[in-house]
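*Asks:* Sequence plus predicted model, see below.
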Amino acid sequence: MKKLLTAFLFSLLLSAQAADYTTNKPVARDPGTTTTASSAGNRVARSLFVDNVNGSDTSGSRGRRDQPFLTIAAALADAQSGDTVFVGVGSFAITNSLVVPAGVKLQGSGWDTIIVNYETNVVSSHYKNGITLSSRCTVSDLQVTNAAMDSFCQRCIGVDYLMGDTACTNATVARVLTYADCDNMYVAHTNICSADYFDSLFLSKWDCVAFFSGAHRGRLFNCFGYSTGPSVFSSAQGSHAITTSGGSTVTTYGGGFYVTNQTSTTAAAQLGASGDGLISYGTIFSADGGANAVPFLGAAGSYRNWQGGPDSSSIAAYTASVTLTNQSFRVGISSSTGIRTLTLPATPKTGQQFHIKKTSSDSNIVTIDGNGNTIEGSSTLTLTNQYDKLNIWWNGSAWLKD
């Protein structure tokens, strides 16, 4: 099932039209070119190569393609700002986080370059990230998989101040595939961090993207995520696509995220940010519609930064009664097994919209409850027939139909 979902999401990634970010998108350098001019003074940028069959950490040499390193860690330790570390096809097991130095590029040979994280360092029940970012570094064209599925939280790429990591700014992650029991892209620091993510696929049992503990900034261009839950680390936690706190902001351009819970948990599945910083342009969010799957879940006012336009939509499909949250999105509701009620937010935001449609062909009624507010003078409205729909928006004092 996981392979099928991966293939499906990968096909979406290849076919989706992302926002115009061509001026920022990293471009792979020809591995045959071992020396290029660096923008940092008179320093000469060089290429380093990693071959896990024929390489040697003893004789590996910066700038020598014919003298590759055996391990990625050794090559990164020798790399200088402006250098590119090229990693060949193969599986690379690590037991300590790979720290990409400031200004260095770590580039694999596509998703056949697989970094398997056997990280053993644990702080506050958390492992370090498989790859640790630094300022102005780039990580691209590889796969990161966490090996252990145990009681400790595992993460793929990012920074964590609890682990002693240095804050990173202007980091870039491109064309990566990640799989984790906990967090795929994780940024938590007391100093402000920033990172851009391009054309990537995140498979998680908890958070696909998490920005915590500061006013960090993340931008996702044409990225896709699939979060299944529950995490082995904490089975009581729900699944999340993007979660922020502490004033962090994540902005998405294109792409899409799907969230589901495979078992009953004490926390609902979550899409979007749990803090106050999700801005989305043309990104599709979808939940599985189970009793524990809520498209957006967070504190009151946590989505004040939701933006978009005609091309921006959040899609949720439900089979059970649910209270909608402070977010604008399209809702499909099935009443095939009984009458259903969709309850609107008690404190909606001015301009907030809902596009609601009954999707099932039964005779059960779907009730739209104003939750103390009126819908054009009525406390409730009903949908009776298949494809009956209701488009409403909040004018600051009441719900009005389009």
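*Replies:* Structure's in. What do you need? Remember, predicted model here, so these are calculated numbers, not experimental data.

*Asks:* avg pLDDT for stretch 49-61?
*Replies:* Averaged over stretch 49-61, pLDDT sits at 94.

*Asks:* buried ones in that stretch?
*Replies:* The neighbour-count criterion (16 or more other Cβ atoms under 10 Å) identifies 49-52, 55, 60 as the buried residues of stretch 49-61. No exception for glycine: its C-beta is placed from N, CA and C like everyone else's.

*Asks:* Sort out which one of these lies nearest T138 for me.
*Replies:* V50 (15.6 Å; Cβ to Cβ).

*Asks:* Tell me where the stretch 1-150 of the chain has strands.
*Replies:* Along the stretch 1-150 of the chain, the segments classed as strands by DSSP state E, counting those that start in this stretch run 35-37, 44-50, 84-87, 90-94, 98-99, 105-107, 113-117, 122-123, 126-132, 138-146.

*Asks:* what does the stretch 301-402 of the chain give?
*Replies:* Using DSSP E, counting those that start in this stretch, strands in the stretch 301-402 of the chain cover 313-318, 322-323, 329-333, 340-343, 353-358, 366-369, 380-383, 389-394, 399-401.

*Asks:* what helices or strands is the fourth one leaning on?
*Replies:* Using 3 or more Cβ pairs under 8 Å, 6 or more residues apart in numbering; DSSP states H and E as the contact test, the elements touching strand 340-343 are strand 322-323, strand 329-333, strand 366-369.

*Asks:* wait, which of these is closest to G108?
*Replies:* Using Cβ to Cβ, the nearest of the helices and strands packed on strand 340-343 to G108 is strand 329-333, at 36.1 Å.

*Asks:* Tabulate the helices and strands packed on strand 340-343 in JSON lines, adding columns for mean pLDDT.
*Replies:* Conversion of the helices and strands packed on strand 340-343 to JSON lines gives the following (pLDDT from 0 to 100):
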{"stretch": "strand 322-323", "mean pLDDT": "86"}
{"stretch": "strand 329-333", "mean pLDDT": "79"}
{"stretch": "strand 366-369", "mean pLDDT": "96"}
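
*Asks:* and the ones you listed as TSV, adding mean neighbour count and distance to T95?
*Replies:* Listed next are these as TSV, based on neighbours: other Cβ atoms under 10 Å; distance: least, Cβ to Cβ, whole Å:
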stretch	mean neighbour count	distance to T95
strand 322-323	16	44
strand 329-333	21	43
strand 366-369	20	54
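
*Asks:* of those strands, which approaches R340 most closely?
*Replies:* strand 366-369 (4.9 Å).

*Asks:* Other residues contacting the closest one?
*Replies:* Here strand 366-369 makes contact (Cβ atoms under 8 Å, 6 or more residues apart in numbering) with 333, 335, 339-344, 356, 358, 375, 379-384, 388, 390.

*Asks:* And the buried ones among the residues you listed, selectable in PyMOL?
*Replies:* A single PyMOL command selects the buried members of these (16+ other Cβ under 10 Å):
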select buried, resi 333+335+340+341+342+343+344+356+358+375+381+383+390
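
*Asks:* ends of stretch 79-88, how far apart?
*Replies:* 17 Å (Cα to Cα, to the nearest Å).
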